[in-house]
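Engineer: Dropping the sequence and predicted coords here.
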Amino acid sequence: MHHPVHPPASLATDIPLERVPPLYEGRRAPLALNIIVVGVGLGGLAATYALGHAGHRVTLLESTPRLGAVGAGIQVSPNATRLLLRWGLGPVLAASAVEPQAIVLRRYDTGERVGYTRWGARMVEEHGAPYYHIHRADYHAMLLRLARAAPGVRIRLGATARGVQPDPAVEGGPSVTLASGEVVHADLIVGADGVKSTLQKVVTGLDGAPTPTGDAAYRVVLSTDLMLRDPELRPFVETPELTTWMAPGRHLIAYCIRARKEYNLVLYHPDDGSVESWTEEGSGDKMRADFADFEPRIQKLLSFVKSTLKWRLVDRKPLPTWVHPQGRVVLLGDSCHPMLPYRAQGATIAVEDAAVLGALFSYVSAFVQVPALLQAYQDLRLPRATATQESSRLNQKIFHLYDGPEQRARDEAMRAAMAAEIERKPIPDGNPNQWADRTKTRIQLDYDAYAEVEQWWTRGGGRQHMEALAGYPRRVVKCRLRAQSGSVL
């Protein structure tokens, strides 16, 4: 990988957080649970933060003995940024992220623009929060900062989960056994351990590995200093956009990160033996050969690259459940719904999962509620995650069409939507530029995790959970009612 002259930003940890209202309108669970979260990825950190602020004692277990800066660019759409802003990260994002002005879809060999959808300020106007491009290491540092500062949180590195005991009836209750032999007990265990999840088998009883998608990716980060010296490349920095070059069996996306100091490129191609890793190095020469038929500007960009990271893309068919039958172990993020990055929603959906889980468990007041709250989490989240997986797979087909009648029809439809966009005219749903489809875009980007939970609670979830408390000591119910004063039960 070309190493940028700009070191990883310390902005994620140095800039003061914004003072924001307490989460869940100040509500904290009347019953404080001991919760284990397995996995220190973006979803695991977000879940740790959300559950800590819901009033629980959270232990985050991570096998890695030391956290490092890994990855490259990542996209954060309004359905996640509205959460990050509520968590106080507004000033940090404004200083380190980049707000793309549009998505542009181009033909691979000529660079001709065939698709265009305006973003920028329109995201806030229509969807209530900005769309950002950010370095994954900065995003991780932001969430790690939040998790470390959350009340009741303990983070343990070098703690590899080797086994899980899910039964609350066993002496000591549910537990995680570490590689060291130590057994850590909890009331609830959250598996956020990624695409190679250990906990997925515990929850589902299935032994299947994630499925290779046939695609792999080269990842590259360049210093934009190199691009600003070239009049043909300078516009990619001066007008930040998400640019996608579509090609037979391949595509390439590129965008600015780190306050436009760096340029992120991801080059998707047929898998030829990559691994699922953020750190596996690939050959710059092989990458250039694989994309030698792309337009001259791409050839200039790739000429700057000495080495690159390789990454196999895998996903998984929807699981039958995310919740263990005994109701004390649950999955989150890539452990239950890994997806292709072709809608840029994988990390965002994991952060949504975390927010929903935290909000639901701000209501818990008795152990009897835990399985039902986990079922509510699955009911709220699984259909949305599955739909997003399907939308991501659809873009794999759309972007990778070989030159011919289907490709020409795709380009014609995208051009028609682009013309309507520029003329501010309505665009019919179903366009192959999925970002031009207003219905799809509203469904994806308008989602508000906290509003979904509040709606679920007021639609009957609260009543059901009060009924579940039948037979519990009256003082617990009174405590519960005091905590929920002002809520519809």
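Structural biologist: Now that the structure is in, tell me what you want to look at.
Engineer: Give me the below-cutoff pLDDT ranges for the protein.
Structural biologist: For the chain, the stretches with pLDDT under 70 are 1-12, 274-281, 463, 465-489.
Engineer: again, only this time at 80
Structural biologist: 1-13, 68-70, 208-209, 273-282, 460-489 (pLDDT under 80).
Engineer: Just want the most central residue of it.
Structural biologist: Ala347 (1.0 Å; C-alpha atoms, centre = their mean).
Engineer: Name the nearest residue to that one, sequence neighbours excluded.
Structural biologist: Leu42 (4.9 Å; C-beta to C-beta, 6 or more residues apart in numbering). Glycine gets a C-beta too; all of them are placed from N, C-alpha and C.
Engineer: what about Ala420, neighbour count?
Structural biologist: Ala420: 15 surrounding residues under other C-beta atoms under 10 Å.
Engineer: Tell me who's in contact with it.
Structural biologist: Pro426, Ile427 (C-beta atoms under 8 Å, 6 or more residues apart in numbering).
Engineer: The residue nearest to Thr48 when sequence neighbours are not counted and Gln200, how far apart?
Structural biologist: Closest residue to Thr48 apart from its sequence neighbours, by C-beta to C-beta, 6+ apart: Ala147 at 4.3 Å. Separation of Ala147 from Gln200 (C-beta to C-beta, to the nearest Å): 22 Å.
Engineer: in the stretch 201-350 of the chain, which spans are helices?
Structural biologist: Under the criterion DSSP state H, counting those that start in this stretch, the stretch 201-350 of the chain contains helices at 224-228, 234-238, 284-290, 296-303, 346-360.
Engineer: got these as a markdown table, with distance to Pro320 columns?
Structural biologist: Converted to a markdown table, the helices of the stretch 201-350 of the chain look like this (distance: least, C-beta to C-beta, whole Å):
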| stretch | distance to Pro320 |
| --- | --- |
| helix 224-228 | 46 |
| helix 234-238 | 44 |
| helix 284-290 | 38 |
| helix 296-303 | 43 |
| helix 346-360 | 17 |
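Engineer: among those helices, which is nearest Gly214?
Structural biologist: Distance to Gly214, taken as C-beta to C-beta, is lowest for helix 284-290 among those, at 14.5 Å.
Engineer: So in this protein, which strand runs the longest?
Structural biologist: Of all segments of type strand in the chain, defined using DSSP state E, the longest is strand 211-223.
Engineer: Report the angle between the biggest helix by length in the chain and strand 211-223.
Structural biologist: Counting residues, the longest helix found in the chain (DSSP state H) is helix 370-399. Inter-element angle recorded for helix 370-399 and strand 211-223: 70 degrees (by axes from the mean of the first three to the mean of the last three C-alpha atoms, to 10 degrees).
Engineer: Against which helices or strands is helix 370-399 packed?
Structural biologist: Secondary structure elements in contact with helix 370-399, counted by 3 or more C-beta pairs under 8 Å, 6 or more residues apart in numbering; DSSP states H and E, are strand 211-223, strand 242-247, strand 307-315, strand 329-331, helix 346-360, helix 438-445, helix 449-456, helix 462-468.
Engineer: would TSV of those with distance to Ala137 be doable?
Structural biologist: Shown next, in TSV, are the helices and strands packed on helix 370-399 (distance: least, C-beta to C-beta, whole Å):
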stretch	distance to Ala137
strand 211-223	10
strand 242-247	20
strand 307-315	13
strand 329-331	25
helix 346-360	13
helix 438-445	25
helix 449-456	24
helix 462-468	40
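Engineer: Of the ones you listed, give the one that comes closest to His400.
Structural biologist: Closest among the helices and strands packed on helix 370-399, using C-beta to C-beta: strand 242-247, at 7.4 Å.
Engineer: Tell me the strands beside the closest one, with direction?
Structural biologist: On the basis of DSSP bridges, the sheet neighbours of strand 242-247 come out as strand 102-107 (parallel), strand 250-257 (antiparallel).
Engineer: can you pull the buried residues of the longest one?
Structural biologist: Using 16 or more other C-beta atoms under 10 Å as the test for burial, strand 250-257 gives Arg250, His251, Leu252, Ile253, Ala254, Tyr255, Cys256, Ile257.
Engineer: what's across from the fifth one in the sheet?
Structural biologist: According to DSSP bridges, the partner residues bridging Ala254 are Thr243, Leu265.
Engineer: Report how many residues lie close to Val183.
Structural biologist: There are 12 residues near Val183, going by other C-beta under 10 Å.
Engineer: isn't it right up against Gly173?
Structural biologist: No: applying C-beta atoms under 8 Å as the test, Val183 and Gly173 come out as separate, 10.9 Å apart.
Engineer: Can you give me the separation between the residue nearest to Thr48 and Leu360?
Structural biologist: Counting by C-beta to C-beta, the gap from Ala147 to Leu360 is 19 Å.
Engineer: what's the spacing between the residue nearest to the centre of the chain and Ala192?
Structural biologist: 12 Å.
Engineer: just to revisit the earlier point, neighbour-wise, which of Ala147 and Gln200 wins?
Structural biologist: Gln200 (26 against 23).
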